[in-house]
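[1] Task: produce atomic coordinates for the following.
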Amino acid sequence: MKRLRIALSLALALSAPAAARAVDLPTDEAVRVFALGPVCRALYERYRGAPDDRAFAVNSKGKCGFARGATTPDAVRARALEFCGGEAVECRIVATNLATERDGTAPLVVDRGFTIRGAATAAGVVIWNHGTLSENATRPPAGPPPLLRPLAAEGWDVYRVDRPGRGTSRLESLGMISQAVQRARAMGYKRIMLAGQSAGGWAALELAGKLDGIDAALATAPARHGKIGTDANLRARALREFDTLLGARPRGGARLVIALFENDEYDADAAERARIARGKALSLDVPLLLIDRPDIARGHGGGLGPAMAGRYGRCVRDYLARAAPPPGVATCGE
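    Numbers count the residues shown, from 1 in each chain. Sure, this is the predicted structure:
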């Protein structure tokens, strides 16, 4: 039955003309972001060519599925999950092109605290990504922090991406943010920066190493593993994955701004992560502005308050807005 479902999804895709549109990722970027194998790459290309509503699902074991043209967006998603193998193999929707998304700026969200100038006059766009929400969160995620206000005053438009709660997979989150980048490009923005807190900061760093044309990534208290506690194995794994995260980028790639904080319960070892960040910047010729355990802010939310904006806002603005900072490690004069 599963083979029949995949075969049916391929047959549906093969019948569609190659007329991709809206915000789903180009094939080469999707291959990198979602780690698609040859079969799923071919299926994704058919997905991109479908002329109507469509959805694409994957799981961590390399299975995938594609559906198009059902009566409602939810039905399209449900069929894609079914063709992938369903919840039994932990399939997730990672890319969609639906009528409800082809209008406006979705998945970009305008934050009322920031003025939008538009691509024709703005210096560029910053796409803000919040930390992980609880699965049953009823409040909207926190908007872009005061740290970005000096950059906005310099002429940068600031949008945010509102990802769902804790049940959202890493691949789904990366897919939403990647689609936001594609939407910003379609809107005409030439310079694109990714920024985020906690899991959003981790995703910003990850995608800055995978997507072409990202100018910079800013991450405050980047995290992926939850509270570290006293688990030595989790601490060691978290540090290894942070090392891998920063190492998985092209030499001389997008400039980075990373802020790390003392007493961050989601950070395995802030001093060790600062050492890793410095080493990767030097070995890969990546420009890095490192804010290393500042004395005016502590804890996992240290980068979100007005103290950080007052001390570091102009420094971050100047580093991100300048044409081409040299490779290596810079600081804000601490």
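
[2] Every contact and neighbour count from this point should use C-alpha atoms.
    Will do.

[3] So which elements touch whichever strand or helix holds Val257?
    Assigned by DSSP states H and E, Val257 belongs to strand 255-260. Judged by 3 or more C-alpha pairs under 8 Å, 6 or more residues apart in numbering; DSSP states H and E, the packing partners of strand 255-260 are strand 216-220, strand 287-292.

[4] same thing but at 10 Å, please
    The helices and strands touching strand 255-260, judged by 3 or more C-alpha pairs under 10 Å, 6 or more residues apart in numbering; DSSP states H and E, are strand 192-197, helix 199-208, strand 216-220, helix 270-284, strand 287-292, helix 306-321, strand 328-330.

[5] right, so of these, which gets closest to Leu81?
    Among these, the nearest to Leu81 by C-alpha to C-alpha is helix 199-208 (23.8 Å).

[6] For Trp128, which non-adjacent residue is closest in space?
    Nearest residue to Trp128 in three dimensions, chain neighbours excluded: Arg160, at 4.4 Å (C-alpha to C-alpha, 6 or more residues apart in numbering).

[7] The one you found touches Val126, doesn't it?
    Yes: contact criterion C-alpha atoms under 10 Å: Arg160 and Val126 qualify, at 8.1 Å.

[8] For those two, indicate the residue with more neighbours.
    Taking other C-alpha atoms under 10 Å, Arg160 and Val126 do not tie; Val126 has more neighbours (28 against 24).

[9] Can you classify that one by secondary structure?
    On the three-state scheme (DSSP: H, G, I helix; E, B strand; the rest coil), Val126 is labelled strand.

[10] Make sure it is actually in contact with Val158.
    Yes: Val126 is in contact with Val158 according to C-alpha under 10 Å; the separation is 4.8 Å.

[11] what touches both of these two?
    When contacts are counted by C-alpha atoms under 10 Å, 6 or more residues apart in numbering, Val126 and Val158 have 144, 148, 151-152, 193-195 as shared neighbours.

[12] looking at this, the residue nearest to Trp128 is in a helix?
    No: using three-state DSSP, the assignment for Arg160 is strand, not a helix.

[13] OK, contacts around it?
    Counting by C-alpha under 10 Å, 6+ apart, Arg160 makes contact with 107-111, 126-130, 141-144, 177, 180, 194-196.

[14] can you pull the pLDDT of it?
    pLDDT, Arg160: 92.

[15] Quickly list what it is bridged to.
    Assessed by DSSP bridges, Arg160 has beta-bridge partners Val109, Trp128.

[16] do you know how far it is from Asn97?
    When distance is defined by C-alpha to C-alpha, to the nearest Å, Arg160 is 19 Å away from Asn97.

[17] One more: Asp52?
    Separation of Asp52 from Asn97 (C-alpha to C-alpha): 8 Å.

[18] and if you look at Arg314?
    Applying C-alpha to C-alpha, the value for Arg314 to Asn97 is 39 Å.

[19] With Asp243 instead?
    Noted for Asp243: a distance of 34 Å to Asn97, by C-alpha to C-alpha.

[20] more crowded one of those two?
    Counted by other C-alpha under 10 Å, Asp243 and Asn97 do not tie: Asn97 has more neighbours, with 26 against 17.

[21] Hmm, Met193 and Val125 touching each other?
    Yes: shown here, Val125 and Met193 form a contact pair, counting by C-alpha under 10 Å, at 6.2 Å.

[22] Which residue ranges of the stretch 101-250 of the chain form helices?
    Counting by DSSP state H, counting those that start in this stretch, the stretch 101-250 of the chain has helices at residues 149-153, 170-187, 199-208, 232-247.

[23] Of these, which stretch is the most buried?
    When you average the neighbours per residue for each of those (mean count of other C-alpha atoms under 10 Å), helix 199-208 leads with a mean of 27.

[24] mean confidence for the strand holding Val257?
    In this model, strand 255-260 has a mean pLDDT of 98.

[25] That strand: partners in the sheet, and parallel or antiparallel?
    In the sheet, strand 255-260 lines up against strand 216-220 (parallel), strand 287-292 (parallel) (DSSP bridges).

[26] Which one of those strands lies nearest to Ile116?
    Nearest to Ile116 among the strands paired with strand 255-260 is strand 216-220; the distance by C-alpha to C-alpha comes to 19.5 Å.
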